[in-house]
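Trainee: pasting a predicted model and its sequence here:
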Amino acid sequence: MKKEINTKENQTEEERERADVLTDFDIILKSKKQSATLLKLVITFCAVVVTVCVVGMVYTFQTAMNKIVVIDSGGIYPKIDVQDLDQLQTTLVLNTCKQLVESANSFDRSSIIVNQSKAFYYCAKNELLPIFEKYKQEKSYLSAQERGVIYRCEIENVSYIQAGVSPFDVHFSAILTVIDGNRVSKYRINAMGKLKDVTPEFPKNVTGYFFTSYNQTITNYGEEAEN
């Protein structure tokens, strides 16, 4: 009889232990399910945040691009005939024209070679050599070296940009100021050329455009005495 009671007690104890094990197992399973659910919620939240940030950045970028305003060196809104060219590209083209015409036509006794080198970054060498040779023949370089004459060129306006298949036409003008002691002479440079897309090379060519052909004419603009 005692054996039967002991057997029943043992069975009851084993059942309790089994029940406890099953209960612990259920708790573990529930915890894992809750953890998995929480992980999914966290991942979903992160994905939503990233998506919102990306959309916001794209919107901000597009808004900024739409607000780009192109002005000339004097703060004037130039009248430009632009065909199929967005504002960012227009800004880069304007900067290319500025870099070329100012480097090719600005110099003093210490910057002749430096500025010529800068001009070569934006235009084919064979297109620039005739311009430099003309300055040499007219003894402009000599007057800069010996008498300290200063040639200062600033872009005036870009009047025409023809977008399309590269290379495309560009027309622009600049003002060349020659300072010879108290005498100040001004000339207008009318330039035109063909631009093509290239890979930017900082700090050489930073705009990504290069003149495959270039021609300029210089006409008298005015003469005045420096105060």
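Mentor: Received it, and whenever you're ready, just let me know what you need.

Trainee: so which residues make contact with stretch 171-188?
Mentor: If you take CB atoms under 8 Å, 6 or more residues apart in numbering as the criterion, stretch 171-188 is touched by 97, 101-102, 105, 143, 147, 149-160, 189-192, 218-226. C-betas here are computed from N, CA, C, even on glycine.

Trainee: and if you look at stretch 112-127?
Mentor: The set of residues external to stretch 112-127 that reach it, using CB under 8 Å, 6+ apart, is 96, 99-100, 103-104, 106-107, 128, 132, 141, 144-145, 193, 201, 204-205, 207, 209-215.

Trainee: just for this structure, where's the confidence low?
Mentor: Counting by pLDDT under 70, the chain shows low-confidence ranges at 1-36, 38-42, 45-46, 48-50, 52-85, 163-164, 222-227.

Trainee: hey, where'd the helices end up in it?
Mentor: Counting by DSSP state H, the chain has these helices, from start to end: 2-66, 87-105, 112-120, 125-137, 140-147.

Trainee: so what secondary structure elements neighbour the second one?
Mentor: The criterion is 3 or more CB pairs under 8 Å, 6 or more residues apart in numbering; DSSP states H and E, and the helices and strands that helix 87-105 contacts are helix 2-66, helix 112-120, helix 125-137, strand 150-162, strand 168-180, strand 183-197, strand 209-225.

Trainee: buried residues in the shortest one, which are they?
Mentor: Buried residues in helix 112-120, counting neighbours by 16 or more other CB atoms under 10 Å, are found at Ile112, Asn115, Gln116, Lys118, Ala119, Phe120.

Trainee: and of these, the nearest to Thr37?
Mentor: Proximity of those to Thr37 (CB to CB) peaks at Lys118, which lies at 63.6 Å.

Trainee: gap between that closest one and Lys194?
Mentor: Computed with CB to CB, to the nearest Å, the distance linking Lys118 and Lys194 is 20 Å.

Trainee: cheers, nothing more for now.
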